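Engineer: sequence and predicted structure below; questions after.
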Number of protein chains: 2
Amino acid sequence: MPPLRRIEVVLDSVKRLQRIGATANLLNLLQKQHPADIAEVLTDLSNGDRRSSFEVLLAGNARLAMEALSEIDPEVGEALLVDRPPDELAALLTELPSDDAAALVDHLPDELSAAVLELMRWKDAVEVQHLLEYEDQTAGRIMNPNVFALTEDVTAGEAIQALQTSREVEMVFYLYVVDARRHLVGVVSLRRLLLVSQETPLKRIMTVEMISARVDTDQEEVAREVANYNLLAIPVVDESNKLVGLITVDDVIDVIKDEATEDILRLAGVAADEHVFTSPLEAWRKRLPWLGVNLVTATLAALVVQGFQATVEEVVALAAFMTVVASMGGNAATQTLTVIVRGIALGELTWGNSSRALGKEALVGLGNGLVLGSAGALIAWVIVGNPYFGLILGLAMLINLLVAAVAATLIPIALRAINVDPALASSVFITTLTDVFGFFAFLGLATFFLQYF
Amino acid sequence: MPPLRRIEVVLDSVKRLQRIGATANLLNLLQKQHPADIAEVLTDLSNGDRRSSFEVLLAGNARLAMEALSEIDPEVGEALLVDRPPDELAALLTELPSDDAAALVDHLPDELSAAVLELMRWKDAVEVQHLLEYEDQTAGRIMNPNVFALTEDVTAGEAIQALQTSREVEMVFYLYVVDARRHLVGVVSLRRLLLVSQETPLKRIMTVEMISARVDTDQEEVAREVANYNLLAIPVVDESNKLVGLITVDDVIDVIKDEATEDILRLAGVAADEHVFTSPLEAWRKRLPWLGVNLVTATLAALVVQGFQATVEEVVALAAFMTVVASMGGNAATQTLTVIVRGIALGELTWGNSSRALGKEALVGLGNGLVLGSAGALIAWVIVGNPYFGLILGLAMLINLLVAAVAATLIPIALRAINVDPALASSVFITTLTDVFGFFAFLGLATFFLQYF
């Protein structure tokens, strides 16, 4: 990532203005920034500077300060809020759309959030509380409940008037059409509204086939639909198909990003939702099992080596170079595995075209094996001083790189076919395989050709 | 990813209808699907079925067929187009918005694409050709040149009328305002247009501060801005700030996804743009250097083992179990590294809070070391039959897991500070370190306590 120059300039200026205590200039500078940029600057400041910059902005432009806060990492944001009296917090949260307010309230300590909800203006509090009643990570939790909807018999002209007088509507691109009991029945684009004569009822111009999400739909599913169908917004309905909210694509961009990285994080043995500041205990609890499995498989590989004890005793240099064979196989397998697992997730790789993928990976493995095996053979010959030793190492590397390529292609495809998550299970299989096979090939060949050492 | 049930049902039906030759039913079924779903179904079909399904759809609904085609993997799509006469292709491409048409033309063989451009309706061909003149992966290449813009002196009422009569505008959410020479000077939301009196000139209601991209801006930079600033669309200007196009968020969702995975792919030693069907030669060329570096570092680790030759000769079981120490360290380091590198990319991790991240990782490493070290000690004791051997293994594992955690946290942060891409360089450093340190700790301790074996 290239450095974002403009942000860094702003950051430096903020630090300088803080140091010389130029509060008015600081407020002036911050007010000119986008909330997302303010959030980035605040994150990069030291704890003390962050707090005082936030206070300056809050005093001068409370709405902007709160908007910036809702773009910030929740834990950092919470620290800037917790020590305020509940009535001040309630007033500040009212500055935000209720979905953003709900996200912040959700991160406050329980007593404080209860007190704050008590004190918020009745309408706002109800909205925020409603949102908090939905499960975490569902459409209901992330939607904006202020969705603009009109009934079917309203005319285009009336709809335009209604739009003109509505407030509190964050962004309107589509006009949703509901029946008398607020069931979602159609959608009209603003543009279409302008194109027809004023008397046309919405019923006649609305599109009835549309994609919607339910309040309990997982946010990842929402993100996937938004991405697949190139949507800019998706309406949210409750169990009885009543329209209750709207999710715009910018609200799920982060989810879309997380979804894209999920499989590769799992390949590395990390939970998809682990972040830098996940609590140590939680991170440990989720990483330990994976390492535990690895301990068992590494022990299996060690037992293979134990089986060749006699050979290793004879030529102790084998102990050193067997690690090279295993390490190369493991790394090459990781490369293939990453590409294959990602291809499965992106839908590029299916049963139908898997033989083509296998052909590609086998060719790459062969190429790697020939070049790296020759190089390894030369290196070992020079270090150990025995050409046969080099030859055996090179041959073992070639075999292991080929096995790694084929296994790292076929195992995830096979796991997928029997509905096991390939990202979760493949790594373990493949690491064991390349270790065991690498040791076996190298030490086996060495045992066979022992007479030449 | 859970199976997408509906798609699978559609896929099965398509296969069945193909088999019994029910063309009319097949067309009927396909016509009811979203282009993205058709694309997915086509991808999953065998080559023969894909081609005949596509022909059926093309004959019945050319526009939908072409829309589906532009959602498909370019290589697969190309195969469905190449053997058609240029004049048919030219007519088909005219069904698409020019940005999508350009992407398809770009994947045709050179002669064919020249012939097609020749034959397309003049206006469409010029647009497509213009887009193709911009560098691959820039804003200019992916933008839609049909952007709706009006001059500053136009009134709100005239603007609404202009919108009503305009055609070929893919999606209008914002109205861009330009001066007499088409320089971008402001933006008005459709909603605001409806709110003001008909006589107000756009100049009075437009927002002048807005984010725009230049034609030569890298598409990743565009994606980052769209994601950071929660934009739904971004206007594109040329070198002289003339408005030439528009990019909507759905056009960059895939770029946003790729950007998110880029660093983790690099960590695995894979180019960020490698896909399952990248040509073997290109994949090999990009993966080989990384494995080459790994050969050198693995050899270094082997030399460490060589240094302890005397000890290994004495107790040959050390050769087997040293691989366990190195393997555990390597895997734990990969976990930490993945989280840290991702945290840096997401902007969660900065110099300011890096000590907190270090504290977390050290704690996790300690926890892993205590549990896994004890387990490893027991296993080794049972297998080798010597409690001191187990003790030494456990101790070496504890030390190596701690070192892995600390190094995998500090090295990427330090690389970032000196402006080296942490994703690219960290893996190599850390693998070497955990191998070398693991062998050194285990064999060193063993040498020291050799008398107890």
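Structural biologist: The structure has been received and is ready for your questions. Fair warning: this is a prediction, and the values are worked out from it, not measured in the lab.

Engineer: around chain B, pick out the residues from the stretch 1-150 of chain A.
Structural biologist: A:1, A:3, A:34, A:36-37, A:40, A:43-47, A:73 (C-beta under 8 Å from any C-beta of the partner chain). C-beta: built from backbone N, CA, C; applies to glycine.

Engineer: let's see it at 6 Å
Structural biologist: A:34, A:36, A:44, A:46 (C-beta under 6 Å from any C-beta of the partner chain).

Engineer: buried among these? Make that a PyMOL selection.
Structural biologist: PyMOL command restricting the residues of the stretch 1-150 of chain A next to chain B to the buried ones, with burial defined by 16 or more other C-beta atoms under 10 Å in any protein chain shown:
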select buried, chain A and resi 34+36+44
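
Engineer: farthest pair within the residues of the stretch 1-150 of chain A next to chain B?
Structural biologist: A:H34 and A:S46 (22.2 Å; C-beta to C-beta).

Engineer: so, low pLDDT: which residues of the stretch 1-150 of chain A?
Structural biologist: A:1-5, A:122-123 (pLDDT under 70).

Engineer: and the strands in it?
Structural biologist: Listed in chain order, the strands of the stretch 1-150 of chain A (DSSP state E, counting those that start in this stretch) span residues A:149-151.

Engineer: now do the stretch 201-350 of chain A
Structural biologist: Under DSSP E, counting those that start in this stretch, the stretch 201-350 of chain A gives strands at A:213-214, A:233-237, A:243-248.

Engineer: could you give the mean pLDDT of the longest one?
Structural biologist: It refers to strand A:243-248. Mean pLDDT, computed over strand A:243-248, is 90.

Engineer: now swap in stretch A:402-409 and tell me
Structural biologist: 94.

Engineer: returning to what we had before: mean neighbour count added to the strands of the stretch 201-350 of chain A, as JSON lines?
Structural biologist: Converted to JSON lines, the strands of the stretch 201-350 of chain A look like this (neighbours: other C-beta atoms under 10 Å in any protein chain shown):
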{"stretch": "strand A:213-214", "mean neighbour count": "20"}
{"stretch": "strand A:233-237", "mean neighbour count": "23"}
{"stretch": "strand A:243-248", "mean neighbour count": "24"}
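
Engineer: what's the closest of these to chain B?
Structural biologist: strand A:243-248 (7.0 Å; C-beta to the nearest C-beta).

Engineer: and the closest one, what other elements does it pack with?
Structural biologist: Using 3 or more C-beta pairs under 6 Å, 6 or more residues apart in numbering or on different chains; DSSP states H and E, the elements in contact with strand A:243-248 are strand A:233-237.

Engineer: what's the burial count for the nearest residue to A:N61 once chain neighbours are set aside?
Structural biologist: Spatial nearest neighbour of A:N61, chain neighbours left out: A:Q31 (5.6 Å); criterion: C-beta to C-beta, 6 or more residues apart in numbering or on different chains. Around A:Q31 sit 13 other residues, with neighbours defined as other C-beta atoms under 10 Å in any protein chain shown.

Engineer: can you give the domain ranges for chain A?
Structural biologist: A:5-141, A:149-250, A:280-452 (automatic domain parsing).

Engineer: picking up where we left off before, so which of the residues of the stretch 1-150 of chain A next to chain B sit within helices?
Structural biologist: A:36, A:44 (DSSP state H).

Engineer: gap between the closest residue to A:L246 other than its chain neighbours and A:N228?
Structural biologist: Setting aside the residues directly before and after it, A:L246 is nearest to A:V147 in space (C-beta to C-beta, 6+ apart), at 4.0 Å. Distance of A:V147 to A:N228, given as C-beta to C-beta, to the nearest Å: 22 Å.

Engineer: likewise A:V305?
Structural biologist: Counting by C-beta to C-beta, the gap from A:V305 to A:N228 is 48 Å.

Engineer: neighbour count: these two, which is higher?
Structural biologist: Between A:V305 and A:N228, counted using other C-beta under 10 Å, A:V305 has the larger neighbour count: 29 against 19.

Engineer: nearest residue to that one other than its sequence neighbours?
Structural biologist: B:A320 is the one closest to A:V305 (C-beta to C-beta, 6+ apart), at 3.8 Å.

Engineer: show me the contacts for the one you found.
Structural biologist: By C-beta atoms under 6 Å, 6 or more residues apart in numbering or on different chains, B:A320 lies in contact with A:302, A:305-306.

Engineer: reformat the residues you listed as TSV; add pLDDT.
Structural biologist: Converted to TSV, these look like this (pLDDT from 0 to 100):
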residue	pLDDT
A:A302	91
A:V305	91
A:Q306	90
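
Engineer: ok, the residues you listed vs A:A162, which is closest?
Structural biologist: A:A302 (73.6 Å).

Engineer: now look at stretch A:364-383 and say if it contacts chain B.
Structural biologist: Yes: contact of stretch A:364-383 with chain B (C-beta under 6 Å from any C-beta) involves A:364, A:367-368, A:372, A:379.

Engineer: for the stretch 351-453 of chain A, which residue gets nearest to chain B?
Structural biologist: Closest point on the stretch 351-453 of chain A to chain B, by C-beta to the nearest C-beta, is A:L363, at 4.1 Å.

Engineer: right, and that residue touches B:L281 too?
Structural biologist: No: if you go by C-beta atoms under 6 Å, A:L363 and B:L281 don't touch, sitting 8.3 Å apart.

Engineer: who has more neighbours out of these two?
Structural biologist: Between A:L363 and B:L281, counting by other C-beta under 10 Å, A:L363 is the more crowded of the two (16 against 12).

Engineer: local confidence estimate at the more buried one?
Structural biologist: Looking at A:L363, the pLDDT reads 94.

Engineer: assign it to helix, strand or coil.
Structural biologist: Of the three states, A:L363 takes helix under DSSP: H, G, I helix; E, B strand; the rest coil.
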